[in-house]
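S.K.: model the structure of this input:
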Amino acid sequence: MMKINKKYSEILFGVLVSLIMSFAISFILTLINIGFVSNFFEIWFRGFILGFIVAFPTSIAIIPVVRKIVDKLTSD
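M.R.: Residues are numbered from 1 along each chain as shown. Okay, here's the model as predicted:
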């Protein structure tokens, strides 16, 4: 298995979290809003891509802030 250098872990984490969250949220919201129509997957995929475009840079900006907050709120 190919390993990625640790220095890219924050970016990889952001990519994976934003992909998974965008996938799940866009799927559920599309299903709730329009139901399972004939072109459901086309509509959902467009929403997924747009969601990821917003989610990825947001996650990259927010992850370090959230880590600091969690570190202050937790102890060993």
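
S.K.: and the residue nearest the centre of the chain?
M.R.: S18 (1.3 Å; C-alpha atoms, centre = their mean).

S.K.: now do the closest residue to F27 other than its chain neighbours, the pLDDT please.
M.R.: Nearest residue to F27 in three dimensions, chain neighbours excluded: W44, at 5.7 Å (C-beta to C-beta, 6 or more residues apart in numbering). All C-beta spots, glycine's among them, are computed from the backbone N, C-alpha and C. On pLDDT, W44 comes in at 96.

S.K.: what residues does stretch 22-36 touch?
M.R.: For stretch 22-36, contacts defined as C-beta atoms under 8 Å, 6 or more residues apart in numbering pick out 40, 43-44, 47-48, 51-52, 55.

S.K.: secondary structure added to those, as a markdown table?
M.R.: Output for the contacts of stretch 22-36, formatted as a markdown table (DSSP: H, G, I helix; E, B strand; the rest coil):
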| residue | secondary structure |
| --- | --- |
| F40 | helix |
| I43 | helix |
| W44 | helix |
| G47 | helix |
| F48 | helix |
| G51 | helix |
| F52 | helix |
| A55 | helix |
